[in-house]
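Visitor: The following comprises the amino acid sequence and a computationally predicted model.
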Amino acid sequence: MAITTGGAMQGPRSKQWTKIKPKPGRKNLNPPWTDIFYHEFLKQNPSCTLSFKYQHVKTGHSRKKKSLFFHASARRTFDGCKAVYIFTKKSKPQSTDKKICFKVRRQGEVKHLKQQQKCRPAKYLRRGAIAKALSAGVSNYYYNMLTKTPTQEVLAGNMSRSLTKDVLKKISSEVRKSSRLHNGMMLELMLTQKIIKQSGSHAASNGYLQSLQIDPFAVHLYTESGIQILTKHLKKSAPITLHLDATGSVVQKIPDQDKRVLYYALVLPGMGKDKPPLPVAELISNSHSIPTISYWLMEFRRKLCYATKRRIAQIETDHSWALINSVLLSFNKENISVYLDRAFESIYSSTLQKIPAFTVVHICSAHIMKTVAQAFGKKTADKGIKEYASFTFACLLNCTAMDEALDIFYHMCVVFKAEDDTPLVKSSKTYLNKCILQTQDTKVEESEAHTAETKCSRDSGSNSVVGKSPFTQAFQVKCDQAECDILSEDVTSVKNQFFCSGIIEVLLESYMGIFPLWSGVLLGDLMRHRKVRSCKIEAKGKTRETNCHVELWFGLVKHSILQKRKFLRPAEFVSKMFASIQGRYLEHINKHNLPLDILEKKVSGCTNTGDDQQEQWAKRESSSHSRTKSKYFNPPAKLPMPKTKKIQHKKINSTKENLGDKDAQLTRLWGRKDTEVIEGLFHVAAHKLNILSKIYILNHYTAGAILFGDRTQLSHYSLPKVNLSNYQAVLSFVLVNNNHWKMLYINAARSMVYLVDPAPSKLELQHSEDAAKKIQEFLKMRRTCHGKTDWVDIKWKGELMSHPVQQDGHSCGVIVVKMAKSVMESFPKIPRMTFGTSKKEMANERRALGLEVLEASIFDEHTNCAMCATFKPPGSGPGITNWVQCDECERWFHAQCLCMKNAEFEKAKGGMWNCVLCE
């Protein structure tokens, strides 16, 4: 309730008055007089929060004998309220007074808005007591004090007892700031590093914070004790697996650096109850690239090599290419492509008597299963198909032999790619069901024919990791075999309920090429691949591995070490981790019966380590030994002269000249880009058949941009100088998935679009229909951008064209050229293609096409445009022709042919510029 005018308030007790009474000669009370006054005022008026603005105490030598001894005023803090409370006392309190009373009167009207909360600031001793109590957490303190606050105060919006969460957070922040070594993050880290080095009593004190990088931010964390513990485990007979992963939300962002900070840990696995995992190397960084992670791992491996020459058998990680490549670079000194080739050779090569030691990199089975299951879910809405496919993939994941995996994948291709429920499909379902139930009697006999198929040449056109992998080709052969077997089966009226070709496409595009990274084929003893295999599989060893140990460690860090606190300052995080890791070393040593002198040992440097070569500078000799200057500043006794060479007259033999050697020229020809050779063959055939006035040969890059490019960038390839009304058809070719060629044929008279796939495909008609829609959009764009109406009113349709199919995985380009020739020869009719596609016929055709290109090669790439193949650009244009050269392939182009604007041309003149073929 509010105090009425003339009301009385019990003031401070005698002890409190002794604390706040004014000093002699002073005209005001001492703090914390406001808290004491408000505490007594609150007992009678719990709804008000006051802010004291004025106080005055009459001194003993005052001339105003009748004036009040004490006078103070306080204003209500609620918005819009103008009420003021006046505190007065007429006479000076005496030492014998047990109760000291003050009069309180109010001026103005009280006004309090609904749902408005105010509180008095916490000062002096109260603020310190609150700061101490906040160690249990802001929320715990707030709700505990809110429970003790009278309901009348809470309803009135007076939060002075419990304070608001914002105020409590600020107090908590002040406590944390007071414990910092320095306000600057980097200086605080440097001080922490120095303190850690000087505070310990054993080898670990020589450093925990090993390296500090400022921008990008990175901190390397490991100790000599951790290295010694890992060394003891490596010297045991059982191979050691380390687990690597990263987590966030433990360290706050670095000022003026945008990326979030992650905590990386390389962890020794736990060994059961009371034997938790132990980190041997840690990294906190906001740069999550391969160079940063590799540098951390390389430094750790370099220190480890001082203690032992033994190699870490396996490193388990999640499906992160940055982590995978960093581990391979640091521990194997190779990239992912070389690693996959090595794995393939270790499995199949019969000449290797001993497999060289290397660190196996394996992806966590739980991570890969989750990723693959999500990918399957995007290809089918049927949960049953997705679950069945996931179970069969789990069988692949558990394979420890390549032959077993190939057999499972073959049956998966049959089940998911066959549209009809044929006897072959039923047989494959039975096989997969047995695999899922783990009751199959799988035969893994070595087959010479299978080995020969697996070792067939790979498609060199793909630059991706999966495309270059030998495992992709091995599984592709099985997929092709399954498709052939499906086609050989009789058509039935019963449809295959498991038909979903997208599942196999997902596996081939993203996962089968990296098969050894997620399967059990590289787990365990690799010499098992060299042994003669029996008819039945022996008992399997380890078939899969998970990253549960590092996940368990992250849980310990967040819940036990950091007590669920998030986004700590780097120095605080390092201090807490170092304090915890010391005790964990002792626990690990006791639980694993390791010698206690590990903590006292120091890793000694090794002078014969090839990975730790340092730059050496010769000691500079004193200049006092020689008083002569360099010989070049003194006249020589004899002027030096160059050696005379005898001129040898070479006998010219035109029959052995390399330039005339067709095989040498063919070798150089196939060294050029596929796109140049195929496009050249298109133009050669068009010239020979005199068909250029009827069929427009479209550049393959422009065709690819029309069918697969970004719609927003399509205007850059709109052919503004080309009038399609002068032609009856368009012929081109496109690159699909960066590893496969298809022919594009647009026939205006028939209103048909053909996207012809050299490989057998059931989706060829659908792809042609999609291409027709893209062509329609392209022509409408030309009308919008350039007012071109040629062919825009034609209703384009996709259609099939019968043609031979390729029988290998690398002849698609040759078949595209053969199909294009057939189209030109039969134009305007649809051709009937009957050429052979065997390996021998394709090899002969390659040589014939190469010689054909060489005979027709009259193009001068230094004086003609690589786009229009002429010296002057077609059509009308400015009097001066602007030329631009590619810095990669050194081809010349007309700026007009590239539709290059003046600003783009000036930018290309002043810096690096790459053509569309080299981007």
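Guide: Here it is on my side, so go on. Numbers count the residues shown, from 1 in each chain.
Visitor: From residue 316, how far out is residue 379?
Guide: As for residue 379, its distance to residue 316 is 28 Å (criterion: CB to CB, to the nearest Å). Just so you know, the C-beta spots here come from the backbone N, C-alpha and C atoms, and that holds for glycine as well.
Visitor: Which one of these two is surrounded by more residues?
Guide: A direct count of neighbours by other CB atoms under 10 Å for residue 379 and residue 316 places residue 316 higher, at 25 against 18.
Visitor: what's the neighbour count on the residue nearest to residue 274 when sequence neighbours are not counted?
Guide: Distances taken as CB to CB, 6 or more residues apart in numbering put residue 591 closest to residue 274, at 6.5 Å, once the chain neighbours are dropped. Using other CB under 10 Å, residue 591 has 16 other residues around it.
Visitor: Where do the helices of the stretch 401-550 of the chain begin and end?
Guide: Using DSSP state H, counting those that start in this stretch, the helices of the stretch 401-550 of the chain run over 402-417, 423-437, 448-454, 465-468, 470-488, 501-506, 515-518, 548-555.
Visitor: Those helices: which one's closest to residue 696?
Guide: Taking CB to CB, helix 465-468 is the member of those nearest to residue 696, at 31.4 Å.
Visitor: for the record, mean pLDDT for the closest one?
Guide: Taken as a whole, helix 465-468 has a mean pLDDT of 86.
Visitor: Please save the CA atoms from that helix in CSV.
Guide: Listed next in CSV are the C-alpha coordinates belonging to helix 465-468 (Å, rounded to 0.1, in the frame of the first residue of the first chain):
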residue,chain,number,x,y,z
VAL,A,465,37.3,-38.3,-56.6
VAL,A,466,34.5,-40.8,-57.3
GLY,A,467,35.0,-40.6,-61.1
LYS,A,468,38.7,-41.4,-60.9
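Visitor: for that helix, packing partners?
Guide: Helix 465-468 is packed against helix 336-348, with contacts defined by 3 or more CB pairs under 8 Å, 6 or more residues apart in numbering; DSSP states H and E.
Visitor: I'd like the distance from the helix it packs on to the chain centre, please.
Guide: 24 Å (CA atoms, centre = their mean, to the nearest Å).
Visitor: Kindly report the same for stretch 60-69.
Guide: Chain-centre distance of stretch 60-69: 79 Å, with CA atoms, centre = their mean.
Visitor: Straight-line length of that stretch, end to end?
Guide: End-to-end distance for stretch 60-69, by CA to CA, to the nearest Å: 10 Å.
Visitor: And that stretch, what's buried?
Guide: Residues of stretch 60-69 classed as buried by neighbour count (16 or more other CB atoms under 10 Å): none.
Visitor: Name the surrounding residues that touch that stretch.
Guide: For stretch 60-69, the surrounding residues in contact (CB atoms under 8 Å, 6 or more residues apart in numbering) are 24, 57-58, 88-92.
Visitor: For those residues, give me a markdown table that also has distance to residue 562 and secondary structure.
Guide: A markdown table is the format used below for the contacts of stretch 60-69 (distance: CB to CB, whole Å; DSSP: H, G, I helix; E, B strand; the rest coil):
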| residue | distance to residue 562 | secondary structure |
| --- | --- | --- |
| 24 | 53 | coil |
| 57 | 51 | strand |
| 58 | 57 | coil |
| 88 | 54 | strand |
| 89 | 53 | strand |
| 90 | 59 | coil |
| 91 | 59 | coil |
| 92 | 56 | coil |
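Visitor: Taking those, tell me the two that lie furthest apart.
Guide: Longest span within the contacts of stretch 60-69, CB to CB: 24 and 88, 22.1 Å.
Visitor: who's more crowded, the two?
Guide: Taking neighbours as other CB under 10 Å, residue 24 and residue 88 compare with residue 88 leading, 14 against 6.
Visitor: who's in contact with that one?
Guide: Counting by CB under 8 Å, 6+ apart, residue 88 makes contact with 68, 70-72, 102-105.
Visitor: okay, residue 507: pLDDT?
Guide: Looking at residue 507, its pLDDT is 94.
Visitor: What is the neighbour count of it?
Guide: Neighbours of residue 507 (other CB under 10 Å): 25.
Visitor: ok, now how distant is it from residue 382?
Guide: Taken as CB to CB, the span from residue 507 to residue 382 is 17 Å.
Visitor: Make TSV out of the contacts of stretch 60-69 and add pLDDT and distance to residue 300.
Guide: Listed next are the contacts of stretch 60-69 as TSV, based on pLDDT from 0 to 100; distance: CB to CB, whole Å:
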residue	pLDDT	distance to residue 300
24	85	70
57	90	69
58	89	75
88	91	74
89	88	73
90	86	79
91	88	79
92	86	75
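Visitor: Please pick the buried ones from those residues.
Guide: The buried subset of these (16+ other CB under 10 Å) comprises 57-58, 89.
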